[in-house]
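1. Any chance you can model this:
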Amino acid sequence: MKALRKAMELYLPLVEEELRRTVAAPHPSVERFYGMMQYHMGWRDSALVPAQAPTGKRLRPLLCLLSCQAAGGDPSLALPAAAAIEILHNFSLIHDDIEDNSATRRHRPTVWSLWGQPHAINVGDGMFALAYLTMGSLSERGVPAERAYRAERAFQRACLTLTEGQFLDMYFEETFIISEEDYLRMIRGKTATLLAAAAYIGGVLAGVPEETAGLLYSFGDALGMMFQIQDDILGIWGEEAVTGKPSGSDILQRKKSLPLVYAVRRLEETGSAASLERLKEVYHSPEVPAEAVQEVMAVLDAAGARAYCEELAGRYQREALNHLERLAREPFVNEEGITALRELTHYLMGRQS
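-> You can find the predicted model right below:
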């Protein structure tokens, strides 16, 4: 993981500096407004005093810069895009917390639970606008106009797809039986689209042809699908000492993730009506009792849900690596960047939290 560690040590401080500059208050009168954004980003506490709290993985901006490097470009030119993508991601989290009625994120109270939903909606809207403004500054930072335009269009498409994925996620709350095809479409919108856009935009800003940028898009898409399915596995079978969440946390929250989607399909196919009805009963209850978690996990295990999800995540990992290998054959690529992306793929697949 030498290339990945080197890239993280180089790029993540630059990303953090760009983010802090972007989310700084322009005037004392709106200091509290931007302070709420900074709280969500992990830079302030609930009293809006400077602090250092969990900030998230910064995976998307890192992917953007690494993709630019791998495509033979200058990652410093992609910094505004990397920051814009991370700000957009965090906008979506603030609104997601409201829509899911989630009181905590990263082991801290969410913005809406501290300051109310109206302020949280406005804070999210402000971050959305900041993301667009930052993405629109590429030309001012020396990016040729044609590249900036292509990057901005990709960013716009990703914004729309992100909200489509969130719609499907909320819509699925109203039904119990979800097809795997629909579930994969939802996570492609909610998770994979931003990773795909980050990789694609990095390539565009490096000046590669559209076909090569498309390889990076496909790489990011497969990486994002793998990442989310791995998240689904950890949400049920992850170890509390590592994840910081109780075992079966997704069951406690009644999340209809891939293990459940797969198990329901298998129970229907095998005619296991009693197990299917029990799952419905648990997931339709206002609150999942702790003793039901182990019961649901036993049903998922009997259906082979974990093995299936692990196999599918592995399939997406192989797809991502295949796209990278095709990219690596281009004459202009940066080998160290390709190696770092390859290491990132293996790291994300093997993560335990």
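2. tell me the secondary structure for Q52?
-> Assigned with DSSP: H, G, I helix; E, B strand; the rest coil, Q52 falls in the coil class.
3. could you pull out the helices for the stretch 201-350 of the chain?
-> 210-237, 240-243, 249-252, 258-270, 273-284, 290-302, 305-328, 335-350 (DSSP state H, counting those that start in this stretch).
4. most packed of these?
-> Mean neighbour count (mean count of other Cβ atoms under 10 Å) peaks for helix 210-237 among the helices of the stretch 201-350 of the chain, with a mean of 23. No exception for glycine: its C-beta is placed from N, CA and C like everyone else's.
5. Just list what that one packs against, helices and strands only.
-> With contacts defined as 3 or more Cβ pairs under 8 Å, 6 or more residues apart in numbering; DSSP states H and E, the packing partners of helix 210-237 are helix 59-70, helix 180-187, helix 193-206, helix 249-252, helix 258-270, helix 290-302, helix 305-328, helix 335-350.
6. and it with helix 193-206, angle?
-> Here helix 210-237 points in a direction 150 degrees away from that of helix 193-206 (axes from the mean of the first three to the mean of the last three Cα atoms, to 10 degrees).
7. roughly how far out does stretch 152-168 sit from the chain middle?
-> Chain-centre distance of stretch 152-168: 13 Å, with Cα atoms, centre = their mean, to the nearest Å.
8. just use 461 as the starting number from now, easier for me
-> Shifting the count to begin at 461 puts that one at stretch 612-628.
9. So for that stretch, what gets flagged as buried?
-> Using 16 or more other Cβ atoms under 10 Å as the test for burial, stretch 612-628 gives 612, 614-615, 618-619, 621-622, 624-626, 628.
10. pLDDT averaged over that stretch - what is it?
-> Per-region confidence: stretch 612-628 scores 98 on mean pLDDT.
11. outside of that stretch, which residues touch it?
-> 541, 544-545, 548, 552, 555-556, 559, 588, 591-592, 595-596, 598, 642, 645-651, 653-654, 656-657, 660-661, 664 (Cβ atoms under 8 Å, 6 or more residues apart in numbering).
12. mind listing the helices for the stretch 461-610 of the chain?
-> Using DSSP H, counting those that start in this stretch, helices in the stretch 461-610 of the chain cover 462-482, 491-501, 519-530, 539-560, 571-575, 577-595, 605-632.
13. Same list as before, those that is, but in a markdown table and with distance to Q777 included.
-> Output for these, formatted as a markdown table (distance: least, Cβ to Cβ, whole Å):
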| stretch | distance to Q777 |
| --- | --- |
| helix 462-482 | 15 |
| helix 491-501 | 30 |
| helix 519-530 | 15 |
| helix 539-560 | 22 |
| helix 571-575 | 34 |
| helix 577-595 | 29 |
| helix 605-632 | 21 |
